[in-house]
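Novice: Structure here, sequence nowhere to be found:
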């Protein structure tokens with residue numbers, strides 16, 4: 001039995017160079033370095049680890065973005081994925097998480113059969129952690145988010161995962177097909193190999209429009225997105241803090257009190 005895995009990846013702007021359009025309230029990507037989203041790299045790595053153990057595994061990448069997102073897909077192919085799909089159409093531009101998940105779930109349906117869908121927990125340009133779960137809901141399949149450990153049985157159907165929580169973790173068992181969102185603690189993404197870079201140029205990257213995935217334009221794009229951003233701003237940079245140290249808690253408190261009084265805070 002050969003496993004079929006789909007990995008949702010995204011090309012995101014380097015967060016050190018974020019710029020926001022003051023009118024549209026969307027990110028300005030022109031002139032900003034683009035990279036593979038961090039959590040998506042962990043999602044891809046886990047799929048590649050499965051392929052290392054079960055070589056018949058087939059990994060398909062899917063992303064939504066402008067034509068230059070092909071550069072990111074080539075990088076992922078060079079890491080070891082088999083083929084890729086780019087959803088690129090002006091009608092898809094400006095989509096929020098709801099519209100994005102509409103497009104990606106339609107794209108996944110167009111790909112066809114799959115056993116596991118991996119995605120990153122969240123994208124560094126939005127930090128919503130909504131798209132993965134929304135895709136699972138629209139495909140009608142089980143999902144587990146914040147996955148920090150993964151194991152699949154020899155039958156290639158039964159899966160056990162560890163789900164990270166704020167105060168601990170859950171161990172969850174489920175069966176394929178399913179969707180899992182990865183966090184950085186799950187693994188350490190590999191680098192591209194020289195052979196992988198050479199082979200990536202021979203692999204297929206399909207570009208699909210909204211029409212190709214049979215999705216109505218009233219479900220995608222900026223106008224179809226129910227999310228409204230009322231204000232975007234850069235937080236004011238705070239000054240460097242001061243560390244107060246002492247041998248005892250009482251002495252520390254006394255020094256803190258003296259510091260606050262000297263600055264007329266109290």
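Specialist: In hand now; what should we look at? Computed from a prediction, not measured in an experiment: that's the story for all the values here.
Novice: quick one, helices of this structure?
Specialist: 38-53, 69-79, 97-111, 131-139, 194-200, 249-262 (DSSP state H).
Novice: Okay, now the unreliable bits of this structure?
Specialist: Within the chain, the ranges that satisfy pLDDT under 70 run 1, 15-32, 232-235.
Novice: top strand in it by residue count?
Specialist: strand 143-152 (DSSP state E).
Novice: one step back: dump the helices of the chain to TSV, plus mean neighbour count and distance to residue 150.
Specialist: For glycine as for every other residue, the C-beta is placed from the backbone atoms N, C-alpha and C. Listed next are the helices of the chain as TSV, based on neighbours: other Cβ atoms under 10 Å; distance: least, Cβ to Cβ, whole Å:
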stretch	mean neighbour count	distance to residue 150
helix 38-53	21	6
helix 69-79	21	17
helix 97-111	22	20
helix 131-139	21	15
helix 194-200	13	22
helix 249-262	11	43
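Novice: Any idea which of these gets closest to residue 160?
Specialist: helix 38-53 (13.4 Å; Cβ to Cβ).
Novice: Pull the residues that contact the closest one.
Specialist: 3, 5, 7-10, 57, 59, 61, 76, 79-81, 116, 118-124, 147, 150, 152, 180-184, 186-190 (Cβ atoms under 8 Å, 6 or more residues apart in numbering).
Novice: Over to stretch 132-140?
Specialist: With Cβ under 8 Å, 6+ apart, stretch 132-140 has contacts from 8, 97-98, 101-102, 104-105, 108-109, 117, 119-121, 142-143, 145, 178-179, 181.
Novice: Go again with 10 Å.
Specialist: 6, 8, 39, 43, 62, 97-109, 114, 117-123, 128, 141-145, 177-182 (Cβ atoms under 10 Å, 6 or more residues apart in numbering).
Novice: Off-centre distance for it?
Specialist: On the basis of Cα atoms, centre = their mean, to the nearest Å, the separation between the geometric centre of stretch 132-140 and that of its chain is 14 Å.
Novice: In contact with residue 239, which residues are there?
Specialist: Residue 239 neighbours (Cβ under 10 Å, 6+ apart): none.
Novice: State the distance from it to residue 255.
Specialist: 19 Å (Cβ to Cβ, to the nearest Å).
Novice: Then residue 264?
Specialist: The value you get for residue 264 to residue 255, if Cβ to Cβ is used, is 17 Å.
Novice: hmm, back to that, distance to residue 85 added to the helices of the chain, as JSON lines?
Specialist: Formatted as JSON lines, the helices of the chain follow (distance: least, Cβ to Cβ, whole Å):
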{"stretch": "helix 38-53", "distance to residue 85": "14"}
{"stretch": "helix 69-79", "distance to residue 85": "9"}
{"stretch": "helix 97-111", "distance to residue 85": "6"}
{"stretch": "helix 131-139", "distance to residue 85": "14"}
{"stretch": "helix 194-200", "distance to residue 85": "15"}
{"stretch": "helix 249-262", "distance to residue 85": "57"}
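Novice: I appreciate the help and will end here.
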